[in-house]
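Visitor: Attaching a predicted model along with its sequence, questions to come.
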Amino acid sequence: MTTEVSPPLPLPNELTAPFWEGASKGQLVIQHCNSCGHFQHAPEPICSACLSFDLGSAPVSGKGTVYTFCIPTQAFHPWFEDKLPFVLAVVELDDQPGLKMITNIVNVNPDDVKVGDRVEVTFQPLGEGFMLPVFHPAAQ
């Protein structure tokens, strides 16, 4: 008898809740400074550009470029065991130079991924109502 393993789930807090709420609606939402317009991810209590506390969040395009990646061959949690290998990547979003997020690249042979590949966001159900933003190769 096998038991189903649950995925590791996020624990949203005041800073991360807008990201997860946006994802549940199919939008990539990133923390945004209302004072200077700077986007930052992961969210922080103050703006890393101007040190303002006047932070909100805003949807972004969901388009970007593979900045770097690796292909894990060992599962760091039992839920990932049957998903190996997969592409763990840093994607630089088009909305601001240097705006990066850690994510997965899906719907691609891991051996075909290259730094500089164009990608766009999609969302996968994670469990308990969470949607996970992941990226797939952009339409040419």
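Guide: In hand now; what should we look at? Numbering: from 1, shown residues only.
Visitor: where do the helices sit along the protein?
Guide: When secondary structure is read from DSSP state H, the chain shows helices at 17-24.
Visitor: Could you report the pLDDT at residue 2?
Guide: Looking at residue 2, its pLDDT stands at 59.
Visitor: Identify each buried residue in stretch 127-140, please.
Guide: Within stretch 127-140, the residues scored as buried using 16 or more other C-beta atoms under 10 Å are 130, 131, 132, 133, 134, 135, 137. C-beta: built from backbone N, CA, C; applies to glycine.
Visitor: Pick the one among those residues closest to residue 32.
Guide: Here the nearest of those to residue 32, counting by C-beta to C-beta, is residue 133; it sits at 16.2 Å.
Visitor: And the residue nearest the centre of this structure?
Guide: In the chain, the centroid-proximal residue (C-alpha atoms, centre = their mean) is residue 103; its distance is 4.3 Å.
Visitor: Beta-bridge partners for that one, please?
Guide: residue 89 (DSSP bridges).
Visitor: For it, give me its contacts.
Guide: The contact partners of residue 103, by C-beta atoms under 8 Å, 6 or more residues apart in numbering, come to 88, 89, 90, 91, 133, 134, 135.
Visitor: try it again with 7 Å
Guide: Residues counted as contacts of residue 103 (C-beta atoms under 7 Å, 6 or more residues apart in numbering) are 89, 91, 133, 134, 135.
Visitor: again, but for residue 108
Guide: 87, 136, 137.
Visitor: and residue 81, what does it touch?
Guide: Contacts of residue 81 by C-beta under 7 Å, 6+ apart are residue 75.
Visitor: Look up how far residue 70 lies from it.
Guide: Remark: distance between residue 81 and residue 70 (C-beta to C-beta, to the nearest Å) = 17 Å.
Visitor: tell me which residues in the longest strand anywhere in the chain are buried?
Guide: Counting by DSSP state E, the longest strand found in the chain is strand 118-127. Within strand 118-127, the residues scored as buried using 16+ other C-beta under 10 Å are 119, 120, 121, 122, 123, 126.
Visitor: you'd agree the second one is up against residue 135?
Guide: This points to residue 120. Yes - with contact defined as C-beta atoms under 7 Å, residue 120 and residue 135 form a contacting pair (6.4 Å).
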